[in-house]
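Q: Give me a 3D structure for the following:
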Amino acid sequence: MSGSTISSGQPTPDNTTTRPAPLRPRARPFLSWLYAPSPSSVTFALRNTIAACLAVGIAFWMELDDPAWAAMTVWAVAQTSRGESQSKAKWRIVGTISGAIAAISIMAAAPQAPWMFFPMIAVWIGLCSGFATFVSNFRSYALVLAGYTCSIICMGAASNPDNVFMIAMSRGTYIVLGVLCEALMGLIFATSQERHARAQLRQKLESALVLVTTTLCSLLGEERGALNAARRQFGTILTINDQIEFAEVEMGPHGHEGDHARAALAAVSALLSRGFGMAMRLQVLNHDHPDFTRTADEILAFLKQFPQRLPDQNAVPALLADLQHFRDICRLYAAPHRESDIRPDHEPIPGQEPFDLTDEGQKQRGDRLDERILFVSLGELLGDLEQAIKEYEASTHRIRGDHFHFQLETHRDTREAVHNGLRGACAVLITAYIYEVTAWPNGLGFIAITTLVCGLFATKENPVLGTTEFLKGAVAAYFMAWILVFVLMPKVTTFETLALFLGPAMFLGGLAKGNPATAGGSAAYGLLLPAMLGLQNHHVMNEIAFYNGNMATVLAVAVSVIVFRSVLPFSSDAERFRLRRIMLGELQRLAHPGFTPRISVWIGRNTDRFARLIRHAGPTPAPLIEACILGTLATLTLGLNVIRLRTLLDREYLPESARRPILLVLHYVEQSTRRHDKAARIAEAAVRRLRVLDAQETDLVTRLELTRAITYLVVIAYTMRTNEDFLDASKPFRGEKNSRLLNSGQG
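A: You can find the predicted model right below:
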């Protein structure tokens with residue numbers, strides 16, 4: 001950080017010269033997944049095609065009544081990662097057992113009472129869909145699976161309630177058979193799974209650390225567009241956090257490597273927020289100090305070399321030693337002293353009292369305090385980086401006797417859960433009403449498939465983005481099933497011939513699922529295609545059964561799409577407004593003296609909200625999304641500095657004259673809902689008061705605590721003044737004033 005870069009420019013997006021980076025990766029050429037698939041997609045498609053054909057063959061050999069469900073289970077469980085597949089298989093079995101128990105209970109409670117029977121199923125589907133919103137990864141899949149498995153078993157036994165137990169056992173047999181076949185193929189295709197999982201985990205954490213150090217270089221160097229780069233790291237962090245659980249599954253017996261990895265990611269998130277706060281202090285405070293500039297230049301050089309040094313495991317102790325050296329320098333300059341009290345070699349001058357006040361002007365005294373504040377901020381930033389590296393190093397190997405545990409808490413949305421539950425229940429009631437009114441012979445299957453599709457939609461944050469792709473996949477499965485049933489399968493006389501025709505159709509679905517752009521549609525294709533074929537041991541589906549049965553399947557998907565788009569429809573604008581209000585409400589609670597805040601909870605929830613904002617962007621103009629994400633990052637930083645102020649107060653080193661203005665700031669942070677400019681003025685007044693107290697204080701520890709308090713108050717004041725519109729939870733955020741303030745800061 002040379003003097004030229006530190007004295008000009010602001011760490012804000014350059015809206016005039018630099019376009020915002022795209023929020024989504026550039027799309028591949030049309031159909032490239034088909035004519036130029038990646039090796040991993042080919043392996044994935046081949047593995048699961050063999051597993052599905054094997055499951056169907058065994059189901060035929062066992063004379064099961066509906067062999068298609070074995071193949072459907074394979075494609076439902078199949079994931080590109082072995083850890084994901086194993087986790088999903090485990091939770092699928094759990095969900096199937098739970099759904100079977102619920103089905104037997106509901107059937108026993110209302111065997112001949114349809115107007116009790118269907119509402120009970122609707123309530124069960126709604127509860128499962130709602131509670132699935134509160135959990136992550138495949139635990140949510142297990143809940144929705146318990147819902148639609150119950151519905152499928154009940155619909156199959158509705159005409160003969162006495163047979164419900166046998167149908168439940170049959171359904172469980174299909175699920176276990178499909179899971180075992182997929183797991184067997186996964187073991188055959190997997191090579192050095194544990195070693196590969198550990199290498200992947202290490203590589204992901206390395207990428208997160210390299211990304212954050214690169215961002216810190218930009219922030220400390222005050223490069224334009226640095227904050228845009230910083231906010232994009234949060235989506236990457238959350239993606240890696242989700243994948244840690246699957247890596248732990250692949251590693252088999254392991255220690256607490258995953259917990260250390262999650263702790264490393266939390267430290268990275270805190271580090272990004274520290275960098276954001278550091279950028280604010282560089283804007284507000286005078287940073288034209290030779291000692292600070294020289295130290296910052298050395299740290300910048302260290303950060304630029306960091307990506308080359310980190311991959312070498314033997315270099316980690318040296319990295320930590322360098323960081324400790326820089327932190328020692330920061331602590332030295334952050335300690336209260338006068339420039340005349342130390343020599344260049346940092347040795348005290350004998351015979352001179354270090355706290356004797358001289359006749360210096362107010363500006364010189366303020367400049368020295370600004371330098372100490374910057375060194376405190378820089379030292380804490382390096383401390384977070386040191387913590388991240390230590391946790392990363394601990395995640396690379398098993399530590400004997402380690403009992404460390406860490407869980408990054410995510411955002412839980414009660415309203416979204418209620419909406420998902422109501423949509424699922426409405427879909428059941430609508431389809432049940434159609435069946436009761438029309439007495440459609442395929443009506444029960446119509447209800448069963450509707451609950452299945454609604455359950456899958458309930459696990460998505462934004463149902464609007466996924467429903468259309470799922471409908472396209474269902475239509476593609478219908479046309480492929482038509483070709484197989486009417487053109488190819490009449491020639492089938494043995495299972496080998498069936499596999500010859502069925503295999504390529506499933507292989508295409510596997511290639512599509514391995515491509516992110518077509519994964520949503522391919523999920524419907526692979527799941528519904530086996531059911532549309534009507535696979536049986538002793539006969540082939542005729543045209544009447546095909547059209548009646550598959551029309552019910554396609555209509556069930558269409559009804560599910562309509563329900564999720566029309567019943568309590570999802571709105572990106574409303575979602576952003578609601579997430580912002582929830583976040584600001586939590587911010588106010590952080591400042592309440594009766595509430596005990598936890599940094600890991602605040603970081604985890606807001607990192608999750610970052611990723612949701614990016615994923616929910618949709619067709620919304622990019623500048624508004626950028627402003628929302630920048631406001632979210634500012635709020636995260638504001639909350640962390642509030643927590644740090646609370647920690648200072650709890651240590652009780654500050655005198656009462658310093659505690660009163662800090663408590664007043666916290667009170668205004670807690671009570672401010674609209675006029676945040678007033679809270680900003682109170683924080684600025686507190687900074688001025690603490691500066692006066694610092695000049696009068698003679699105790700070293702107290703002055704150091706005062707410096708820390710000013711360090712946090714500066715960020716609080718600046719954040720509340722420049723993000724007033726975003727912090728106002730009473731109205732939607734448009735981003736105009738926020739952008740003007742940022743642009744005015746660049747001048």
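Q: Following element in sequence after the helix or strand containing Ala523, please.
A: Per DSSP states H and E, Ala523 falls inside helix 519-533. Downstream of helix 519-533, the next assigned helix or strand under DSSP H and E is helix 543-566.
Q: Compute the inter-axis angle for that next one and helix 519-533.
A: Angle of helix 543-566 versus helix 519-533, following axes from the mean of the first three to the mean of the last three Cα atoms, to 10 degrees, is 150 degrees.
Q: Go through the helix holding Ala523 and flag the buried ones.
A: 520-533 (16 or more other Cβ atoms under 10 Å). (Glycine included, C-beta is placed from N, CA and C.)
Q: Would you mind finding the longest helix in this protein?
A: Ranked by residue count and defined by DSSP state H, the top helix of the chain is helix 362-394.
Q: For that helix, buried residues please.
A: 365-394.
Q: what does stretch 478-495 give?
A: Buried residues in stretch 478-495, defined by neighbour count with 16+ other Cβ under 10 Å: 478, 480-481, 484-485, 488-489, 492.
Q: ok, of the buried residues of helix 519-533, which one's closest to Thr497?
A: Within the buried residues of helix 519-533, the smallest distance to Thr497 is 13.8 Å, found for Leu533 (Cβ to Cβ).
Q: how about that closest one, what does it touch?
A: Neighbour list for Leu533: 68, 481, 484-485, 489, 502, 541 [criterion: Cβ atoms under 8 Å, 6 or more residues apart in numbering].
Q: hang on, the earlier thing: can you add pLDDT and distance to Phe189 and give the buried residues of helix 519-533 back as JSON lines?
A: Formatted as JSON lines, those follow (pLDDT from 0 to 100; distance: Cβ to Cβ, whole Å):
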{"residue": "Gly520", "pLDDT": "83", "distance to Phe189": "24"}
{"residue": "Gly521", "pLDDT": "87", "distance to Phe189": "24"}
{"residue": "Ser522", "pLDDT": "89", "distance to Phe189": "19"}
{"residue": "Ala523", "pLDDT": "87", "distance to Phe189": "21"}
{"residue": "Ala524", "pLDDT": "89", "distance to Phe189": "25"}
{"residue": "Tyr525", "pLDDT": "93", "distance to Phe189": "22"}
{"residue": "Gly526", "pLDDT": "89", "distance to Phe189": "17"}
{"residue": "Leu527", "pLDDT": "88", "distance to Phe189": "21"}
{"residue": "Leu528", "pLDDT": "91", "distance to Phe189": "25"}
{"residue": "Leu529", "pLDDT": "92", "distance to Phe189": "22"}
{"residue": "Pro530", "pLDDT": "91", "distance to Phe189": "21"}
{"residue": "Ala531", "pLDDT": "89", "distance to Phe189": "26"}
{"residue": "Met532", "pLDDT": "92", "distance to Phe189": "27"}
{"residue": "Leu533", "pLDDT": "90", "distance to Phe189": "25"}
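Q: Between those, which sits nearest Ala634?
A: Taking Cβ to Cβ as the measure, Ala634 lies nearest Gly520 of these, at 33.3 Å.
Q: Looks like the closest one contacts Gly473 (just checking).
A: Yes: counting by Cβ atoms under 8 Å, Gly520 does reach Gly473; the two are 7.0 Å apart.
Q: would you turn the contacts of Leu533 into a markdown table with distance to Glu182 and secondary structure?
A: Putting these into a markdown table (distance: Cβ to Cβ, whole Å; DSSP: H, G, I helix; E, B strand; the rest coil) gives the following:
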| residue | distance to Glu182 | secondary structure |
| --- | --- | --- |
| Ala68 | 15 | helix |
| Ala481 | 22 | helix |
| Leu484 | 22 | helix |
| Val485 | 25 | helix |
| Met489 | 24 | helix |
| Leu502 | 16 | helix |
| Met541 | 25 | coil |
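Q: wait, which of these is closest to Arg294?
A: Nearest to Arg294 among these: Leu502, at 70.5 Å, using Cβ to Cβ.
Q: Quick check: the closest one touching Leu484?
A: Yes: the criterion here is Cβ under 8 Å, and Leu502 meets it with Leu484 at 7.0 Å.
Q: Give me the below-cutoff pLDDT ranges for the stretch 101-250 of the chain.
A: Within the stretch 101-250 of the chain, the ranges that satisfy pLDDT under 70 run 190-194, 222-239, 241-242, 245-246, 248-250.
Q: where do the helices sit along it?
A: With DSSP state H, counting those that start in this stretch as the criterion, the stretch 101-250 of the chain has helices at 114-132, 137-157, 164-189, 193-220, 226-251.
Q: Can you tell me which of these is packed in deepest?
A: With neighbours taken as mean count of other Cβ atoms under 10 Å, the helices of the stretch 101-250 of the chain reach their highest mean count in helix 137-157, at a mean of 25.
Q: Which neighbouring elements make contact with it?
A: helix 82-109, helix 114-132, helix 164-189, helix 226-251, helix 443-458 (3 or more Cβ pairs under 8 Å, 6 or more residues apart in numbering; DSSP states H and E).
Q: ok, now which ones touch Met480?
A: Shown in contact with Met480 (Cβ under 8 Å, 6+ apart): 505, 508, 525, 529.
Q: what's the spacing between the second one and Gly521?
A: Taking Cβ to Cβ, to the nearest Å as the measure, Leu508 and Gly521 are separated by 12 Å.
Q: relative to helix 193-220, how tilted is the longest helix of the chain?
A: 170 degrees.
Q: Now find how far off-centre the next helix or strand after helix 362-394 is within its chain.
A: With elements assigned by DSSP H and E, the helix or strand that comes after helix 362-394 is helix 414-438. Relative to the chain's own centre, helix 414-438 is displaced by 28 Å; criterion: Cα atoms, centre = their mean, to the nearest Å.
Q: mind listing what the residue nearest to Ala103 when sequence neighbours are not counted touches?
A: The spatial neighbour of Ala103 that comes closest, neighbours along the chain excluded (Cβ to Cβ, 6 or more residues apart in numbering), is Ile153 at 3.7 Å. By Cβ under 8 Å, 6+ apart, the contact set of Ile153 is 99-100, 103-104, 164, 167-168, 171.
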